[in-house]
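Trainee: fold the following for me, if possible:
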Amino acid sequence: MAVLDILVYPDPRLKQISKPVEHFDEALRSFIRDLEETMRAGPGSVGLAAPQVGRLERIVIVDVSCKPKIKHHGRRVLINPEISWRKGSAVGREGCRSVPDYTGNVARSKFITVRAQDEFGRALELQMERYEARAVQHEMDHLDGLLLFDRLVSRRDLFRRQSQEALLPKPKPL
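Mentor: Numbers count the residues shown, from 1 in each chain. Okay, the predicted model is just below:
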């Protein structure tokens, strides 16, 4: 397994539309293991899409189980995902490893039904809500070349992240 390099905006590959996966073989599952290792290597990361590492195929991984008290389906690999039903809307703050210097307020559906395939090509249908639904919608946007900037509620809803250095404790004077 390997931690893959994450593409960062303005890399033009992030704006491309991904192709459906047609072959469910060991090479695909090996890539998925690398994609998951890459997702877990990032601080606070709950999802990652294949285009973020330069592979333009319709593959996302989402796992929000690290968030306490959130209803979820655990780790999910969603291949060729489609949202077949949605309801409600809520605005929430989102970040993205491909846009590391910013966060933004984005409106997403509160409840969704997703149809997809797993890494073996088996059909899935999952009902998701709130945070998990938000994470899946965010990752699915990457499959269509959409980024955080494309979904902002307004231009005023983009915020510069604090630098990691600003988050470190200040040294005590001697």
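Trainee: where does this structure have low pLDDT?
Mentor: Applying pLDDT under 70 to the chain flags the ranges 163-174.
Trainee: so where do the helices sit in it?
Mentor: Applying DSSP state H to the chain gives helices spanning 26-41, 130-143, 164-167.
Trainee: any chance of those helices in a markdown table, with distance to Ser98 and mean neighbour count too?
Mentor: Where C-beta positions appear, they are placed from N, C-alpha and C, glycine not excepted. Shown next, in a markdown table, are these (distance: least, C-beta to C-beta, whole Å; neighbours: other C-beta atoms under 10 Å):
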| stretch | distance to Ser98 | mean neighbour count |
| --- | --- | --- |
| helix 26-41 | 12 | 16 |
| helix 130-143 | 8 | 23 |
| helix 164-167 | 17 | 8 |
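Trainee: so which of the ones you listed is nearest Ile83?
Mentor: Of all these, helix 130-143 sits nearest to Ile83, with 7.2 Å by C-beta to C-beta.
Trainee: could you give the angle of the closest one to helix 26-41?
Mentor: In terms of direction (axes from the mean of the first three to the mean of the last three C-alpha atoms, to 10 degrees), helix 130-143 departs from helix 26-41 by 120 degrees.
Trainee: so what secondary structure elements neighbour helix 130-143?
Mentor: Under the contact criterion of 3 or more C-beta pairs under 8 Å, 6 or more residues apart in numbering; DSSP states H and E, helix 130-143 touches strand 47-49, strand 59-62, strand 76-87, strand 90-96, strand 99-108, strand 111-117.
Trainee: hang on, the earlier thing: mind putting the helices of the chain into TSV with distance to Asp5?
Mentor: Converted to TSV, the helices of the chain look like this (distance: least, C-beta to C-beta, whole Å):
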stretch	distance to Asp5
helix 26-41	8
helix 130-143	15
helix 164-167	19
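Trainee: which of those sits closest to Pro20?
Mentor: Between these, helix 130-143 lies closest to Pro20; by C-beta to C-beta that is 9.5 Å.
Trainee: quick one: which of the helices of the chain is nearest Lys71?
Mentor: Once the helices of the chain are compared by C-beta to C-beta, helix 130-143 is nearest, at 6.9 Å.
Trainee: before we move on, the earlier item: would you turn the helices and strands packed on helix 130-143 into TSV with mean neighbour count and distance to Leu152?
Mentor: Compiled in TSV, those are given as follows (neighbours: other C-beta atoms under 10 Å; distance: least, C-beta to C-beta, whole Å):
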stretch	mean neighbour count	distance to Leu152
strand 47-49	27	19
strand 59-62	27	21
strand 76-87	17	19
strand 90-96	16	9
strand 99-108	17	5
strand 111-117	19	20
